[in-house]
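Engineer: here's a sequence, model it:
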Amino acid sequence: MSLLARSSLANRGLVALIAVVATVFGLFAVPSLKQQLLPSLEFPAAFVMAAYPGATPEIVESQVVEPIENSFQGLPGLEKVTSTSREGTATVQVQFEFGTDLDDTVNKMQTALNRIGAQLPDGVEPQVLAGSTDDLPAVVLAATGGGDERALADKLRASVLPELEAIDGVRTVELTGTRSDTVVVKPNLAKLAAAKLDATAIGTALKTNGVSVPAGTVTDDGQA
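Structural biologist: From the prediction side, this is the model:
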C-alpha cells in the first residue's frame, strides 16, 4: 500500500473535512464563473461580395472575379482563395492561417481592391466582409402592416431602427426582407412595327449602352 493511501486511512477525518471544504468552495465559485451561450469566436477568413447587374456568370468570372483573386496574391498568411460566379453577382472567399490579425488583413484586402478599381467594370464596388460569432443577430423582430410593404419599410427605417440603435449595448440594427425595385419593359408591337423595328431592338439598345442582359437559353437541334 502506498504512503498516500496509508496516510489517508490514518487521517480519515481530515480527508473528509478537506472534501467538504472543497465542495463548499466549488458551490460558491461556480455561479461566479463567466458563462456564455455563444462564445466569441473569430474565423480566419473573409468574403468579398461584388454585384454586376445583368452580367452573365462568364462575364462576372472574367471581368470581376479574376482581377479580385489576382489582387490578393501575396497577402500575409493567405492559404486558399475560392470563388463563385453567378448571374449578376460574384463571391470570393479568402482563407488565412490561424492566428492571422484579421482586422489588419481586411484593411490590406480593401487596399488591394482599391488598386484594381480601374480594372473593374463601371458600377462594380466589391465589399469585404469578415467577422466573428459576435456579428450574429442576437434578436430578430418581425413586423407586418397589412398594406404597402415599401411604406412599412420606410416607417421602420424612420422610427423603429433609430430607437433600437439608441439602446445601450446595441451595435448595429439591420432591416431585411424588403423588396427591391424591378423594371419590366413591355414593348408596343404596333409602334415597333411602324418604326420598322422588332422586339430584339430593345436588347440591342441595352447592349450598346454597356449593359449585358441574359435573355435565356437558345436551343438548336435539341441542344442548349
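Engineer: in contact with the closest residue to Leu78 other than its chain neighbours, which residues?
Structural biologist: Using Cβ to Cβ, 6 or more residues apart in numbering and skipping residues adjacent in sequence, the residue nearest Leu78 is Phe96, 6.1 Å away. For glycine as for every other residue, the C-beta is placed from the backbone atoms N, C-alpha and C. Taking Cβ atoms under 8 Å, 6 or more residues apart in numbering, we find Phe96 in contact with Pro44, Ala45, Ala46, Leu75, Gly77, Leu78, Glu79, Leu102, Thr105.
Engineer: for Ser85, same thing?
Structural biologist: Going by Cβ under 8 Å, 6+ apart, Ser85 touches Pro57, Glu58, Val60, Glu61, Val64, Val65.
Engineer: try 10 Å this time
Structural biologist: Contacts here follow Cβ atoms under 10 Å, 6 or more residues apart in numbering; on that basis Ser85 touches 50, 52, 55-62, 64-66, 91-92.
Engineer: inside strands: which ones of the residues you listed?
Structural biologist: Counted as lying in strands by DSSP state E, out of the contacts of Ser85, are Ala50, Thr91, Val92.
Engineer: report the beta-bridge partners for the first one.
Structural biologist: Here Ala50 sits in beta bridges with Ala90, as judged by DSSP bridges.
Engineer: that one and Asp181: what is the separation?
Structural biologist: Here Ala50 is placed at a distance of 20 Å from Asp181 (Cβ to Cβ, to the nearest Å).
Engineer: comparing the two, which shows the higher neighbour count?
Structural biologist: Ala50 (22 against 5; other Cβ atoms under 10 Å).
Engineer: what's the burial count for Phe25?
Structural biologist: Neighbourhood size, Phe25 [other Cβ under 10 Å]: 10.
Engineer: now do the SS call for it.
Structural biologist: helix (DSSP: H, G, I helix; E, B strand; the rest coil).
Engineer: on that earlier part again, ok, of the contacts of Phe96, which one's closest to Ser159?
Structural biologist: The nearest member of the contacts of Phe96 to Ser159, counting by Cβ to Cβ, is Ala46 at 34.3 Å.
Engineer: please, which helix or strand holds the closest one?
Structural biologist: For Ala46, the host element (DSSP states H and E) is strand 45-51.
Engineer: how about that strand: buried residues?
Structural biologist: For strand 45-51, a neighbour-count test (16 or more other Cβ atoms under 10 Å) marks Ala45, Ala46, Val48, Ala50 as buried.
Engineer: which stretches of this structure have low pLDDT?
Structural biologist: The chain contains residues with pLDDT under 70 at 1, 34-42, 132-137, 207, 210-224.
Engineer: for it, which segments count as strands?
Structural biologist: Under DSSP E, the chain gives strands at 45-51, 78-86, 89-96, 127-129.
Engineer: good, we can wrap up now.
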